[in-house]
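S.K.: give the three-dimensional model of this entry:
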Amino acid sequence: MSSADDEVVLDLIEAALLKRWPETRLEPSMDRIAALVDVLGSPQLSYPTIHLAGTNGKTTTARMIDSLFRELDYRTGRFTSPHLESFLERISINGFPIPAEGMIATYNDIALYLDLIDSRQPHPISFFEAITALAFVAFAEYPVDIGIIEAGMGGEWDATNVVSSAVSVITPIGLDHMEYLGHTLEEIAQTKSGIIKPESHVVIAAQPMSVAKVLTEAVLKKAAIPFREGLEFSVAKRDLAVGGQVLTLNGIHGAYSDIFLPLYGAHQATNAAVALAAVEAFVGVKVDEDVVRRGFANVESPGRLEILHRDPTVIVDAAHNPHGAHALALTLRNEFDFESIFGILAILGDKDVDGVLAELEPVVDRLVVTASSSGRALPVDELYDRAIRVFGPTRVFKEMNLDGAITYAMEQCSLINQVSEGVSAVVITGSVVTAGEARARLRKIEQA
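M.R.: Residues are numbered from 1 along each chain as shown. The predicted model follows:
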């Protein structure tokens with residue numbers, strides 16, 4: 001088939017997957033995915049896995065773990081969600097999205113089994129369950145030396161939890177998806193701790209005390225071995241650098257110095273420490289420092305404080321809850337020297353909108369509210385009213401679509417930069433969908 005033919009087939013596959021239950025509609029149960037992987041021959045058990053759960057930082061930490069293992073000459077499979085621009089991004093093999101022909105072949109392998117399980121279960125296989133199974137099969141067919149698997153939502157009943165992970169990773173836990181995971185941090189932590197396997201290794205990022213207590217109890221119950229940030233591993237030192245930061249990390253098995261990380265923010269330093277600890281826990285020894293330096297130097301994290309345009313500077317960040325917005329605001333304040341910031345916010349209606357606005361208000365001088373193309377997007381007029389309550393009427397503007405918001409903010413920012421000695425910037429945030437659509441739009445501007 002030609003590449004054009006492949007694109008047509010991929011569109012058909014994506015349409016077929018999207019006809020299934022969406023990721024946002026959950027019936028918390030492992031029955032369907034367990035039945036599906038069983039008829040597929042349990043592909044997820046044919047390679048060792050590292051399994052990640054948490055509220056923020058999962059995807060970037062998974063990318064870091066992937067990069068470190070590739071420097072150790074492992075063939076890697078990485079499953080993350082959601083995607084920014086193409087659903088192929090979710091299934092990564094050796095650092096690259098699965099090729100079109102690989103996705104087509106894998107889908108053809110499992111399509112009849114999806115229908116079979118649909119016919120046997122009270123609820124059909126969901127989009128997320130189907131793409132999780134696609135990843136498991138693709139990694140087995142490649143085959144990979146290690147699977148790096150990010151939980152979709154929660155942990156205990158997440159479709160990814162059919163893996164038998166050698167190492168479980170819990171990234172920082174905050175309030176998100178409360179309608180499914182619980183209304184307190186402790187309840188959410190309980191659900192996410194469900195990924196911990198008996199006698200496995202568990203790497204835990206720094207958490208609020210109440211969350212740490214829940215996770216520790218889960219570790220003890222499973223007779224697992226914990227590695228906790230601040231105790232068994234830590235960020236020893238962090239210095240700002242051009243294009244990112246330079247770290248000294250205390251790992252589980254030794255110290256690592258002069259590590260350049262081409263990402264911004266203290267939260268990314270934490271992600272790096274967690275990723276390194278996960279690799280150390282898996283291999284059981286200190287990793288060669290040059291390997292670690294190369295692994296981190298090659299890390300990319302699209303849509304996470306990503307600078308996509310200069311003159312004016314345009315930054316895209318996928319923050320979609322107060323925890324993520326706080327990390328974004330802190331980094332903008334401490335690691336950039338902008339005279340003023342034009343914020344663009346397009347957020348989903350089921351998120352803590354007021355919490356995100358409150359975190360952004362101290363660092364964003366003017367806010368343009370808009371909406372992404374998602375069916376779950378908060379209507380622009382409602383977001384405008386809520387933003388005014390936080391920012392006041394003189395600092396909030398609205399555009400009915402993201403393209404218009406980007407054009408308006410960039411034009412205003414350029415005008416300010418022409419008459420000011422300082423530098424103003426545009427920061428686009430609110431959801432992964434927003435980040436993905438902004439990346440596509442800015443790429444067109446760069447190519448124009």
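S.K.: would you mind measuring from P99 to S67?
M.R.: 20 Å (C-beta to C-beta, to the nearest Å). C-beta coordinates here come from the backbone N, C-alpha and C atoms, glycine included.
S.K.: so which of these two has more stuff around it?
M.R.: Neighbour comparison, P99 and S67: the larger count goes to S67, with 23 against 12 (by other C-beta atoms under 10 Å).
S.K.: who are the contact partners of that one?
M.R.: G95, G295, F296, N298, V299 (C-beta atoms under 8 Å, 6 or more residues apart in numbering).
S.K.: what pLDDT does the closest residue to it other than its chain neighbours get?
M.R.: In space, S67 comes closest to G295 once its chain neighbours are excluded; the distance is 4.6 Å by C-beta to C-beta, 6 or more residues apart in numbering. Model confidence at G295, given as pLDDT, is 98.
S.K.: ok, the one 10 residues further on next?
M.R.: Turning to L305, the model gives it a pLDDT of 94.
S.K.: for V380, see how far away it is.
M.R.: Between L305 and V380 the distance is 25 Å, computed by C-beta to C-beta.
S.K.: now G174
M.R.: G174 sits 26 Å away from V380, going by C-beta to C-beta.
S.K.: I figured V292 was touching S257, is that so?
M.R.: No - at 9.8 Å, V292 does not count as touching S257 under the criterion of C-beta atoms under 8 Å.
S.K.: so between the two, which is more surrounded?
M.R.: Neighbour count, other C-beta under 10 Å: between V292 and S257, V292 has more, with 26 against 13.
S.K.: mind listing what's buried in the helix or strand hosting the more buried one?
M.R.: Counting by DSSP states H and E, the element that carries V292 is helix 289-297. Within helix 289-297, the residues scored as buried using 16 or more other C-beta atoms under 10 Å are V291, V292, R293, R294, G295, F296.
S.K.: now do stretch 203-211
M.R.: V203, I204, A205, A206, Q207, V211.
S.K.: now do the strand or helix carrying the first one: distance to the chain's middle.
M.R.: Using DSSP H and E, the element containing V203 is strand 201-204. In this view, strand 201-204 has its centroid 19 Å away from the chain centroid, taken as C-alpha atoms, centre = their mean, to the nearest Å.
S.K.: could you dump the helix or strand following it to PDB, C-alpha only?
M.R.: Remark: after strand 201-204, the chain's next helix or strand is helix 209-221, criterion DSSP H and E. The C-alpha trace of helix 209-221 is given here as PDB (Å, rounded to 0.1, in the frame of the first residue of the first chain):
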ATOM      1  CA  MET A 209       1.700  13.200  54.200                       C
ATOM      2  CA  SER A 210      -1.800  11.700  54.000                       C
ATOM      3  CA  VAL A 211      -1.100  10.300  50.500                       C
ATOM      4  CA  ALA A 212       2.200   8.900  51.600                       C
ATOM      5  CA  LYS A 213       0.500   7.100  54.400                       C
ATOM      6  CA  VAL A 214      -2.000   5.400  52.000                       C
ATOM      7  CA  LEU A 215       0.700   4.400  49.600                       C
ATOM      8  CA  THR A 216       3.000   3.100  52.400                       C
ATOM      9  CA  GLU A 217       0.100   0.900  53.700                       C
ATOM     10  CA  ALA A 218      -0.400  -0.500  50.100                       C
ATOM     11  CA  VAL A 219       3.300  -1.300  49.800                       C
ATOM     12  CA  LEU A 220       3.300  -3.100  53.100                       C
ATOM     13  CA  LYS A 221       0.200  -5.000  52.200                       C
END
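S.K.: and helix 209-221, what other elements does it pack with?
M.R.: With contacts defined as 3 or more C-beta pairs under 8 Å, 6 or more residues apart in numbering; DSSP states H and E, the packing partners of helix 209-221 are helix 185-192, strand 201-204, strand 225-228.
S.K.: can you lay out the ones you listed as a markdown table showing distance to A241?
M.R.: Shown next, in a markdown table, are those (distance: least, C-beta to C-beta, whole Å):
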| stretch | distance to A241 |
| --- | --- |
| helix 185-192 | 33 |
| strand 201-204 | 26 |
| strand 225-228 | 27 |
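S.K.: winner for burial among those?
M.R.: strand 201-204 (a mean of 28; mean count of other C-beta atoms under 10 Å).
S.K.: residues making contact with that one?
M.R.: Residues contacting strand 201-204 (C-beta under 8 Å, 6+ apart): 166-170, 196, 212, 215, 219, 224-229, 233, 274, 277-278, 281-282.
S.K.: return the helix or strand in the chain with minimum mean pLDDT.
M.R.: helix 178-181 (a mean of 53; mean pLDDT, DSSP states H and E).
S.K.: any idea how many residues pack against I149?
M.R.: By the measure other C-beta under 10 Å, the count of residues near I149 is 29.
S.K.: now it: how far from L402?
M.R.: From I149 across to L402, the span is 31 Å (C-beta to C-beta).
S.K.: hmm, back to that, would you reformat the buried residues of helix 289-297 as a markdown table and include distance to A105?
M.R.: Converted to a markdown table, those look like this (distance: C-beta to C-beta, whole Å):
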| residue | distance to A105 |
| --- | --- |
| V291 | 33 |
| V292 | 35 |
| R293 | 37 |
| R294 | 32 |
| G295 | 30 |
| F296 | 33 |
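S.K.: could you pull out the strands for the stretch 201-350 of the chain?
M.R.: 201-204, 225-228, 234-241, 244-250, 255-261, 306-309, 313-316, 340-345 (DSSP state E, counting those that start in this stretch).
S.K.: deepest of the ones you listed, which one?
M.R.: Of the strands of the stretch 201-350 of the chain, strand 201-204 is the most buried (mean count of other C-beta under 10 Å), at a mean of 28.
S.K.: what mean pLDDT does that strand have?
M.R.: In this model, strand 201-204 has an average pLDDT of 98.
S.K.: dump that strand to CSV, keeping only the CA atoms.
M.R.: In CSV, the C-alpha atoms belonging to strand 201-204 read as follows (Å, rounded to 0.1, in the frame of the first residue of the first chain):
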residue,chain,number,x,y,z
HIS,A,201,9.6,-2.5,43.5
VAL,A,202,7.7,0.7,44.0
VAL,A,203,9.1,4.2,43.2
ILE,A,204,7.1,7.0,44.9
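S.K.: please name the strands paired to it in the sheet, noting orientation.
M.R.: Strand 201-204 has the following strand partners under DSSP bridges: strand 167-170 (parallel), strand 225-228 (parallel).
S.K.: out of these, the one nearest V423 is which?
M.R.: Within the strands paired with strand 201-204, the stretch nearest V423 is strand 167-170; the backing value is 37.2 Å (C-beta to C-beta).
S.K.: related to what we said a few turns ago, more crowded one of L305 and V380?
M.R.: With neighbours defined as other C-beta under 10 Å, L305 and V380 compare such that L305 has more, 25 against 17.
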